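*Asks:* whatever this is, show me its structure:
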Amino acid sequence: MSDDYTSHLTDIAARFQGNELVRRCVGVLLIAALLGVSGYFVYDLMPRRYQLTITGGEILGNRHYLAKVLEEEAGEFGVALKIVPTRGSLEALEKLESGELDLALSQGGLEPTFENIVHAATIAPELIHFIVKPEIQGIQDLRGKVINLGGKSGGTRVVAQQILKMSELEEGVDYVETNFSAERIVTMRPEKLPDVVVNVSFQPSYLAEFLVQERGYRILEIPFPGPLALRLGWVADATILAYTYGVEPPVPEQDSRTIGVNLHLLANAGVPPRAVHALLDALYSPAVQSRLRMSFDEENIALPSGFPLSEGTTSFMARKEPFFSAEMMEDAQAGAGLLASLVSVLLIGVRWFRGKPIKEEFDDAEIKARIAAVAALEGELLELGRAGPVPRAELEALDRRLAALKTEALERIGALKLADPSLVPTLLAAEGSARARLAALAVPTAAAAEPLPEPMPA
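*Replies:* Numbers count the residues shown, from 1 in each chain. Here you go, the predicted model:
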């Protein structure tokens, strides 16, 4: 296949090769294309630094702290992060979709109605905290209470509303909703605080810790409803450990069941895959996990968020695969075929650029003509020998002709270019043979010219 392809290209090149302008233009374009491809691969191998924006939501949330740690550690991996606070996951997703943000730490449970967002990683489950005043002992005690669900553009509100609905509590009928931010809750006067504050966070939650230790709140256990897991794939059974928020009195008094919601790292689809890969190197580095005092399991990195997987995530997951995998061998074979084709095209292009090959001229014909002349002269000598004695004058003329052929050939040998170097020895051998035959004819002639010796006396 490759030979046929090369032959076809050669035929096409030969048709237009006589046109010097076309030949040179095509040659220049081919060289420029090859230089461009080489430059692209060299550029692709060069180290880069990326400037990206990221949000972790509200400043008092654990996601913001995670974003802050990433900001400080990602620089070692070539990623400079700038943190942009937002009022919640929904606002973060809207800015991510529009390109105002490059990255966002967002919880699961939100409808993925965006087309310009990709999934970078599922980090770990966050826990839903129902932080309540002491008199609230169970989920049914929430009736008639004021419940703060966070900002209206936040993901906490979306998740909490679904949990309350599953518990047969209807907003405006069974409870009153407020939408204060975490910063506002911390600065409110105690008597103005809502009865319940819902917060989604890793444990310990900074907001829960403040309300328990400074405002006397407690943690309400939320029985995990099995039907919720069947209807919503993003929820899981989770536990808030006893004594997490207080020892005396213990808060909670025992391990309390609640609902876990996965935290995702999402990216705008325009973020370079290599930048996503570098950020994941930072996220799963020992330095980040040591500072957070948490361990992120890479096995969960691709747990679905509802968004397509980033190419950078795919390359990050593939980094631990065997170097010489079957797929890599197939790619290598395809690459070798491509390289062979490129080399063929390059050779044809070079030939095109140089023009038609110059036919090298040789002087073998001249030496062959002299050999033929010597052979013809030797033929004459042979015929003369058969006819009888040859006159001296004729032999001298033949001798001069033979000498002239040899002299002229020797004088020209230095200027001649021969494809067959054996022609010169052949010429000299032919001349030597003719010279020997001439000498043989001259001996009888010389003997005939001498006077016969006188007979000896009796």
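*Asks:* so where do the helices sit in the stretch 101-250 of the chain?
*Replies:* Taking DSSP state H, counting those that start in this stretch as the test, the helices found in the stretch 101-250 of the chain are 155-166, 182-187, 206-215, 226-231.
*Asks:* out of the ones you listed, nearest to Gly414?
*Replies:* With C-beta to C-beta as the measure, helix 155-166 is the member of the helices of the stretch 101-250 of the chain nearest Gly414 (95.4 Å). For glycine as for every other residue, the C-beta is placed from the backbone atoms N, C-alpha and C.
*Asks:* next one: that closest one to chain centre, how far?
*Replies:* Using C-alpha atoms, centre = their mean, to the nearest Å, we find the averaged C-alpha position of helix 155-166 to lie 43 Å away from the chain's own average C-alpha position.
*Asks:* same for it, what does it pack against?
*Replies:* If contacts are counted by 3 or more C-beta pairs under 8 Å, 6 or more residues apart in numbering; DSSP states H and E, helix 155-166 sits against helix 89-98, strand 103-107, strand 117-132, strand 196-201, helix 226-231, strand 256-268.
*Asks:* quick one: which of those is nearest Phe180?
*Replies:* Evaluated with C-beta to C-beta, the helices and strands packed on helix 155-166 place strand 196-201 nearest to Phe180, the distance being 8.3 Å.
*Asks:* returning to what we had before: mean pLDDT and distance to Leu423 added to the helices and strands packed on helix 155-166, as a markdown table?
*Replies:* Putting the helices and strands packed on helix 155-166 into a markdown table (pLDDT from 0 to 100; distance: least, C-beta to C-beta, whole Å) gives the following:
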| stretch | mean pLDDT | distance to Leu423 |
| --- | --- | --- |
| helix 89-98 | 88 | 84 |
| strand 103-107 | 90 | 81 |
| strand 117-132 | 92 | 77 |
| strand 196-201 | 92 | 98 |
| helix 226-231 | 60 | 97 |
| strand 256-268 | 90 | 78 |
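*Asks:* point out where the stretch 151-300 of the chain drops to low pLDDT.
*Replies:* Low-confidence segments of the stretch 151-300 of the chain, defined by pLDDT under 70, span residues 224-234.
*Asks:* sorry, back to before: can you list the helices of the stretch 101-250 of the chain in JSON lines and add mean neighbour count?
*Replies:* Compiled in JSON lines, these are given as follows (neighbours: other C-beta atoms under 10 Å):
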{"stretch": "helix 155-166", "mean neighbour count": "21"}
{"stretch": "helix 182-187", "mean neighbour count": "16"}
{"stretch": "helix 206-215", "mean neighbour count": "18"}
{"stretch": "helix 226-231", "mean neighbour count": "11"}
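*Asks:* hmm, back to that, nearest to Val79, of the helices and strands packed on helix 155-166?
*Replies:* Taking C-beta to C-beta as the measure, these were each checked against Val79, and strand 103-107 came out nearest at 9.5 Å.
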